[in-house]
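# model the structure of this input:
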Amino acid sequence: MTDTPKIHATAEVGSAQIGAGTSIWQNVVVLTGAKIGKDCNINAQCFVENDVVLGDRVTVKSGVYLWDGVHLQNDVFVGPNVTFTNDKFPRSKQYPEHFSKTVVCEGASIGGGAIILPGVRIERGAMVGAGAVVTKNVPPFAIVVGNPAQIVGYVSGSVTSGASTVVPATSPQLGSPVSVGVGAVKLHALKVVGDMRGDLSVGEIPTEIPFDVKRYFLVFNVPSTKTRGEHAHHQCHQFLICVKGSCSVVVDDGNHRAEVLLDTPGKGLHLPPLTWGIQYKYSKDAVLLVFASHAYDAKDYIRDYSEFTSVVKHHS
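This next block holds a predicted model:
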């Protein structure tokens with residue numbers, strides 16, 4: 001690492017704060033109030049306005065204009081010709097007192113040509129596909145594409161490396177649940193019997209469902225583009241069975257993440273406390289049955305991923 005930024009001769013940076021080792025290439029304009037961290041790489045033909053904050057190791061490819069209110073946290077990647085907008089009401093003569101902050105959180109990536117509306121928050125590790133139009137907040141580690149951007153997947157594997165994971169490695173057998181590689185989350189086999197009169201699936205407590213059940217709920221009629229869950233619990237256990245159709249469940253323990261397909265009443269997924277859970281990719285006919293170990297308590301929910309990771313670290 002060098003002690004000073006590397007600024008190309010034709011760049012204009014005024015008296016902006018620029019960290020050591022940062023490279024700023026030709027035909028870049030950085031206004032006085034901007035703050036740029038260490039070891040960043042700002043490519044040619046970019047503009048950085050006053051109220052812009054870049055963390056460390058941020059890459060901004062050519063043709064990107066960062067307007068007031070854009071904050072890019074550490075290790076963010078912004079592809080070429082990404083458009084950040086900063087006016088929710090263009091030509092309306094409505095002038096808000098403060099610009100909407102657009103925040104791209106640590107480790108997120110934005111593909112070339114994407115459009116980001118003002119006030120959007122792209123959470124940690126998320127991936128925005130090239131050309132996507134992001135109109136709403138993007139959850140942690142979500143993969144979004146299209147116009148408007150929709151969730152099509154989640155980064156799986158290690159939270160820090162994003163490495164791919166196949167889940168589960170083996171199929172569960174009755175009485176022998178298998179780990180999915182995320183905390184104590186396990187996939188259980190449930191007994192299914194059928195004859196000419198129809199099919200029946202059964203699970204016993206506490207053999208297949210490993211806790212006393214105090215509550216159940218059903219999730220159904222979910223549009224395939226919608227995502228549910230996106231929270232963890234302090235104390236509540238959950239056991240998920242897709243009794244009709246199919247859906248995918250993303251589980252995360254703060255260190256590792258995996259995706260499990262529930263596509264038969266013969267499979268059940270146990271989510272212990274302090275497991276971040278997301279359900280998506282619902283088929284049109286999907287019905288998800290969830291057993292819970294506790295009665296509903298709003299205080300038991302953790303709905304912010306950053307809070308979740310902090311709680312997990314405290315318990316480790």
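# where in the stretch 101-250 of the chain is pLDDT low?
157-170 (pLDDT under 70).
# keeping just the C-alphas, turn stretch 39-50 into CSV.
C-alpha atoms of stretch 39-50 as CSV (Å, rounded to 0.1, in the frame of the first residue of the first chain):
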residue,chain,number,x,y,z
ASP,A,39,-7.4,1.3,-1.9
CYS,A,40,-10.4,2.3,-4.1
ASN,A,41,-10.4,2.3,-7.9
ILE,A,42,-12.3,5.1,-9.6
ASN,A,43,-12.2,4.5,-13.4
ALA,A,44,-12.3,7.0,-16.2
GLN,A,45,-15.2,9.3,-17.0
CYS,A,46,-16.8,9.3,-13.5
PHE,A,47,-18.2,12.1,-11.4
VAL,A,48,-18.3,12.2,-7.6
GLU,A,49,-20.5,14.9,-6.0
ASN,A,50,-20.1,16.5,-2.5
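# outside of it, which residues touch it?
1, 16, 19-34, 36, 54, 56-68, 70, 80 (Cβ atoms under 8 Å, 6 or more residues apart in numbering). (Glycine included, C-beta is placed from N, CA and C.)
# please pick the buried ones from those residues.
In the contacts of stretch 39-50, burial by neighbour count holds for 16, 19, 21-25, 28-31, 33-34, 36, 54, 56-68, 70, 80, counting by 16 or more other Cβ atoms under 10 Å.
# how close does residue 33 get to residue 6?
Distance from residue 33 to residue 6, counting by Cβ to Cβ, to the nearest Å: 21 Å.
# and what of residue 278?
From residue 278 across to residue 6, the span is 41 Å (Cβ to Cβ).
# one more: residue 271?
Taking Cβ to Cβ, one finds residue 271 at 48 Å from residue 6.
# which one's more surrounded, the two?
residue 271 (25 against 14; other Cβ atoms under 10 Å).
# hang on, residue 307 in a helix?
Yes - judged by DSSP: H, G, I helix; E, B strand; the rest coil, residue 307 forms part of a helix.
# ok, it - contacts?
Neighbouring residues of residue 307 by Cβ under 8 Å, 6+ apart: there are none.
# report pLDDT for it.
As predicted, residue 307 sits at a pLDDT of 95.
# tally up the residues packed near the closest residue to residue 256 other than its chain neighbours, please.
Leaving aside its chain neighbours, residue 256 sits nearest to residue 182 (4.9 Å; criterion: Cβ to Cβ, 6 or more residues apart in numbering). Number of residues near residue 182 (other Cβ under 10 Å) recorded here: 26.
# relative to residue 259, how far out is residue 182?
Using Cβ to Cβ, residue 182 is found at 10 Å from residue 259.
# contacting residues for residue 300?
Residue 300 makes contact with 233-236, 294, according to Cβ under 8 Å, 6+ apart.
# that'll do, ta.
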